[in-house]
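Asks: coords below, sequence missing:
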């Protein structure tokens, strides 16, 4: 079983984000990038499948600042191959361009199963999974929360509102958008990551000029403008209730 996982970096939303002087992107000066959360779950799911039934797991990622650490951490967890896409990813890249670039590299790996996160915080032009599946000519199932491989097929579990679980099957090869792995992504100590840096190698694969066609174009990026403020009502229950009635009447609700 040959499993390939596509991951990317996204802005760390814990840090304060600033808009660049150009007005259409984030200021990269203090921007901290981390692995996309659902991509991390995709890596974990690939490793679980490897441990369960034997497989080779490869992680493919665009070359951006900090990606080496992410790839070595994946190796420390149990990933077999680390592949870095070398191209003009310095200022970020939309999902249309990433899917096209990744499809070429992934196709050469001849995977039985491709995993990627179901969505990311910086998805402005749709999720990368369905785009990748289209370019690879493979079926796609998204929002996956459980994976079983059996007789040339992949059986997946999807969670629905109300505690319902759906089960569906797809013929391999296929692309899955992972929402959550069957267990939380494992923690690896810094010492194991450093060991992986010495024992693992990063493979670089050049990609052609990035093609962003079909994506959206950002015309302006700005902080939300302040609108109405909240009004705090004080007093006992009857006083507050009477004031609410007055406010609703003034607004024309009552």
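Replies: Thanks, I have it. In this text the structure is predicted, and so the values were computed from the model without any measurement.

Asks: show me where the protein has its helices.
Replies: 37-53, 67-77, 95-109, 128-136, 190-199, 237-250 (DSSP state H).

Asks: show me where pLDDT drops low in the protein?
Replies: 91-92 (pLDDT under 70).

Asks: can you point me to the longest strand in it?
Replies: Within the chain, and with DSSP state E defining each element, the longest strand by residue count is strand 140-150.

Asks: adding mean neighbour count and distance to residue 115, write the helices of the chain out as TSV.
Replies: For every residue, glycine as well, the C-beta is placed using N, CA and C. Compiled in TSV, those are given as follows (neighbours: other CB atoms under 10 Å; distance: least, CB to CB, whole Å):
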stretch	mean neighbour count	distance to residue 115
helix 37-53	22	4
helix 67-77	21	12
helix 95-109	21	11
helix 128-136	22	9
helix 190-199	13	20
helix 237-250	11	51
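
Asks: of all the ones you listed, which one is nearest residue 31?
Replies: Nearest to residue 31 among the helices of the chain is helix 67-77; the distance by CB to CB comes to 14.2 Å.

Asks: for the closest one, which helices and strands make contact with it?
Replies: Packing partners of helix 67-77 (3 or more CB pairs under 8 Å, 6 or more residues apart in numbering; DSSP states H and E): helix 37-53, strand 56-62, strand 81-86, helix 190-199.

Asks: what's the closest of these to residue 25?
Replies: Within the helices and strands packed on helix 67-77, the stretch nearest residue 25 is strand 56-62; the backing value is 16.5 Å (CB to CB).

Asks: for the closest one, name the packing helices and strands.
Replies: Contacts of strand 56-62 with other secondary structure elements, assessed using 3+ CB pairs under 8 Å, 6+ apart, are made with strand 2-6, helix 37-53, helix 67-77, strand 81-86, helix 95-109.

Asks: outside of the second one itself, list whatever touches it.
Replies: Which is helix 37-53. Applying CB atoms under 8 Å, 6 or more residues apart in numbering, the external contacts of helix 37-53 come out as 1, 3, 5-8, 55-57, 59, 74, 77-80, 113, 115-120, 144, 147, 149, 176-186.

Asks: equivalent analysis for stretch 71-86, please.
Replies: Surrounding stretch 71-86, the residues in contact under the criterion CB under 8 Å, 6+ apart are 5, 7, 43-44, 46-47, 50-51, 56-63, 67-68, 101-102, 105, 109, 185-186, 188, 192-193, 195-197, 199-207.

Asks: again, but for stretch 194-201
Replies: Contacting residues not belonging to stretch 194-201 are listed as 72, 73, 75, 76, 82 [CB under 8 Å, 6+ apart].
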